[in-house]
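S.K.: Requesting a structural model of the entry that follows:
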Amino acid sequence: MTDEAVTALAEPSQRLVARLVDTLIVGVPLATAATAIFSRETAQTVVAPVAFAAVYLVYEAVQLAIWGRTVGKRLTGLRVVSADGGPLRVPQALVRSAIYAVPPAARPIPVLNVLAGIFWLAEIGLIFEGDLHQALHDRAAGTLVIDVRSRPEPVAEPEDIPLSDV
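M.R.: All right, here's what the predicted structure looks like:
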């Protein structure tokens, strides 16, 4: 594992903000377009979830395969790397992206909709479990999310200087 990956794993809050940014980048235009083309109910219950899953899969997989980060991860200073600290490989980007993107496509199917909701709660919960902060998609793809922002060096504390008897 590289020094960069060892010293700077991403915090769960950074990851959640990055994911929110990416979701808005993909979701808002898709929901707007779907609502303009289809009835509101059809757009919200069928078209938008399926379109979101497909577009988000491509959005994330391509950016991760090329740069190791999405727009949201760039804004929050994060990068996805292989669990061994090396660069992310294309199959890892695809597996990671698919596991995250596919559950929204289950929204139109009542039972699968509930299971997808439970899955996403488990995804979020796993980020807080363990030292590596790996969600299910990280574990399955063998990836880590690291913080690549420069961190200031800690200031050395002065040694305790004993007071002499005066």
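
S.K.: Which secondary structure state is assigned to residue 144?
M.R.: In three-state terms, and counting by DSSP: H, G, I helix; E, B strand; the rest coil, residue 144 is strand.

S.K.: Sorry, wrong one. I was asking about residue 130.
M.R.: Under three-state DSSP, the three-state class of residue 130 is coil.

S.K.: Distance-wise, check it relative to residue 124.
M.R.: Separation of residue 130 from residue 124 (C-beta to C-beta, to the nearest Å): 14 Å. Using the backbone N, CA and C atoms, a C-beta is placed for each residue, glycine as well.

S.K.: again, but for residue 140
M.R.: Look at residue 140 and residue 124: by C-beta to C-beta, they are 16 Å apart.

S.K.: hang on, the earlier thing: compare residue 130 and residue 124 and say which is more crowded by neighbours.
M.R.: Regarding residue 130 and residue 124, a neighbour count based on other C-beta atoms under 10 Å identifies residue 124 as having more, with 14 against 9.

S.K.: Averaged over its residues, which helix or strand of this protein has the lowest pLDDT?
M.R.: In the chain, no helix or strand scores lower on mean pLDDT, DSSP states H and E than helix 3-7, which sits at a mean of 47.

S.K.: need the next SSE after that one, C-terminal direction.
M.R.: Using DSSP states H and E, the helix or strand that follows helix 3-7 towards the C-terminus is helix 12-37.

S.K.: Enumerate the positions of that next one that are buried.
M.R.: Residues 12, 14-15, 17-19, 21-22, 26-27, 30-31, 34-35 are the ones in helix 12-37 that count as buried (16 or more other C-beta atoms under 10 Å).

S.K.: tell me how far that helix is from the chain's mean position?
M.R.: How far helix 12-37 lies from its chain's middle: 12 Å, per C-alpha atoms, centre = their mean, to the nearest Å.
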